[in-house]
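[1] Sequence and computational prediction follow.
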Amino acid sequence: MLTRCVVHARRGVSAYGTCGRRRDGSKPLQQHANKSAVGGGTARTRTLSHAHAPKNTADVSSGVFLGSGALNAGARVEVNAQTLVLGIETSCDDTAAAVVRGDGVVLGEAIASQAAIHGPWGGVVPNLARAAHEEAIDAVVAAALAEAGTTAEALSAVAVTCGPGLSMCLRVGVRKAQKMSAQYSLPIVPVHHVEAHALVARLCAGTEAVTFPFLALLVSGGHNMLITARGVGDYTILGSTLDDALGEAYDKTARLLGLPVGGGGGPALEKLALEGDPTKYKFPVPLRQRKNCDFSYAGLKTAARMAIDADIGGGDGDDVEWDGVDKRQTRADIAASFQAKAVKHLEERLKRAIVWAREDTPDLSCIVVAGGVAANATVRSTLVKIAEDANLPLVFPPPKWCTDNGVMVAWSGCERLALGLAESAVDADLERKHETMDPRDIHCNLLPRWPIGEKDGRATRDNIKSAKTARIADPLRGADGDRDISSSSVRAAGIE
Ligand code: KG4
Ligand code: ZN
């Protein structure tokens, strides 16, 4: 198992902000970020283009926070229009890759969705996800490179999601990145999945618009949090979900409504809600009594389930006639009422988070809303109003870069590379020798539970449920998906 520790040293920090160690206690080879600056001996000039340089570089250089310890970035690397970063994403159920230039131009991207594989299960099945990633990874990377009109030899670095996520899935992407790193002498940039969701807003809107510090609302299938972003790797969690993430609640409610859930039920529920009356069902707005920025979606999901049981017949959709016109209207009303209260909860928490964030960081540049649920049109239109009232610009990445994608990983790689938060190229001999070893022992650690930052003192300390299990198919999570999963389910699901 990995041990993680706080890094206090001012130099030679790991690219993660935690020092990953091998099981024998020794440190992985070549983990110092500043060595990667020359890309395994290939001298390239990389200038972080002015347009994309973090404005508060003083903050970044004086101490980046990542995970559980304060640290400094390694030697800065010039990242510019000549820099080509390949990003690889396999943390859950999408195999994605992209090539992004250091000045923020997206050259090529590819994605293989596993929607059809997991749909019948009503959630992600880790073993099937891993197998699908393994089958798709080479073709997806090749397609991204081909669309970019480039080759692996021309890359400056390979960035890969190391966590958080399902370890057996993350491993497929990391293994591919390790192999490419060794073969083409490329530095590896370990990327934090949730950070990547937030940072892609800087690519979309420009780093002049999304300067640090900014407030970010991250809403996906596995994560639901409000964070203050002070710099790359420097985040404070103002609040996160105590139970379900919003995407997870969308997925489960969609399934109960008999909607297709492959790749996430959110889009299907959103579509059905268009036909419904959002005031028809008086569902509760969650956590009104708690005056903080935490979220909870389990109660709302249960309320929707009870309405389905009472007015449609329940039975998880199995014994219900979905074709009846009245039932369709009832389902649409439930969908619309669920969505209305779910978004109201987001709205209320975001309003409070703006106040909290401004107490510590009055100079917020904007609000970023990212993650899969940020693709939802009702979420988008509702939050625009709040941002206007707070006199802050609101930045949403385009829907295709809200859900998991390779571009966010490649861009996050550019940002981290520029700060020296990369590992030098994997040694080709070592890679060959260790072909059969656990990739954590070679290079570029897997971090399935990588925290994005520390919690604000006002946030609830302990969340009830692990975000890692959020999108796992219910049968793999124990008898009741809402309860803590049993250790056998954890093993079955490949969660470490
Ligand atoms: O960010 P993402 O692709 O994967 C995770 O990191 O979890 O988010 C996937 C989640 C799924 O739960 C999916 O149902 C939800 O985002 N989602 C949506 C919409 N599009 C995706 N939820 C509501 N409305 C949408 N339009
Ligand atoms: Zn995601």
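    Looks like it arrived, so ask away. This structure is a prediction, so every number in the text was calculated from the model and none was measured. Ligands and ions are numbered 1, 2, ... in the order given.

[2] and Ala116, how many neighbours does it have?
    11 (other Cβ atoms under 10 Å). Backbone N, C-alpha and C define where each C-beta goes, glycine included.

[3] Please name the residues that touch it.
    Residues in contact with Ala116 (Cβ atoms under 8 Å, 6 or more residues apart in numbering) are Gly262.

[4] helix or strand right after the helix or strand hosting it?
    For Ala116, the element it lies in under DSSP states H and E is helix 115-118. The element immediately downstream of helix 115-118 (helix or strand, assigned by DSSP H and E) is helix 126-148.

[5] tell me what that following helix is packed against?
    Contacts defined by 3 or more Cβ pairs under 8 Å, 6 or more residues apart in numbering; DSSP states H and E place helix 126-148 against strand 84-89, strand 94-101, strand 106-113, helix 115-118, helix 167-184.

[6] Now do the buried residues in the fourth one.
    Put plainly, it is helix 115-118. For helix 115-118, burial by neighbour count (16 or more other Cβ atoms under 10 Å) applies to 117-118.

[7] Report the distance from that helix to the chain centre.
    Here helix 115-118 is found 20 Å from its chain centre; the criterion is Cα atoms, centre = their mean, to the nearest Å.

[8] circling back to that earlier point, how about the helix holding Ala116, does it reach ligand 1?
    No: Helix 115-118 stays clear of ligand 1 (Cβ under 6 Å from any ligand atom), getting no nearer than 10.3 Å.

[9] what does the chain put close to ligand 1?
    92, 220-222, 247-248, 250-251, 264-267, 270, 371-373, 375-376, 403-404, 471.

[10] Pull the helix holding Ala116 out as CSV, backbone CA atoms only.
    Provided in CSV are the C-alpha atoms of helix 115-118 (Å, rounded to 0.1, in the frame of the first residue of the first chain):
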residue,chain,number,x,y,z
ALA,A,115,-22.7,3.9,-21.6
ALA,A,116,-24.0,0.8,-23.4
ILE,A,117,-21.9,-1.5,-21.1
HIS,A,118,-23.1,-0.2,-17.8
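
[11] avg pLDDT for it?
    Average pLDDT, helix 115-118: 89.

[12] Could you count how many residues lie near Gln178?
    23.

[13] For it, give its distance to ligand 1.
    Distance of Gln178 to ligand 1, computed by Cβ to the nearest ligand atom, to the nearest Å: 23 Å.

[14] Leaving aside the residues adjacent along the chain, what's closest to that residue?
    Distances taken as Cβ to Cβ, 6 or more residues apart in numbering put Val426 closest to Gln178, at 5.2 Å, once the chain neighbours are dropped.

[15] Around that neighbour, how many other residues sit close by?
    Counted with other Cβ under 10 Å, Val426 comes out at 29.

[16] Wait, Asp311 touches Arg331, no?
    No: at 9.0 Å, Asp311 does not count as touching Arg331 under the criterion of Cβ atoms under 8 Å.

[17] Settle it for me: which of those two has more neighbours?
    Arg331 (27 against 16).

[18] Contact partners for the more buried one?
    257-258, 272, 276, 308, 312, 322.

[19] Now the buried members of the residues you listed.
    Buried positions within the contacts of Arg331, assessed by neighbour count (16+ other Cβ under 10 Å), are 257-258, 272, 276, 308, 312.

[20] Of all pairs in these, which one spans the longest distance?
    The span of the buried ones among the contacts of Arg331, defined through Cβ to Cβ, is set by Gly258 and Gly276 at 14.3 Å.

[21] Ignoring the adjacent residues along the chain, who's closest to the residue in the stretch 201-350 of the chain that ligand 2 sits nearest to?
    Going by Cβ to the ion, ligand 2 is nearest to Ser220 of the stretch 201-350 of the chain, at 4.3 Å. In space, and not counting its chain neighbours, Ser220 is closest to Gly371: 3.4 Å by Cβ to Cβ, 6+ apart.
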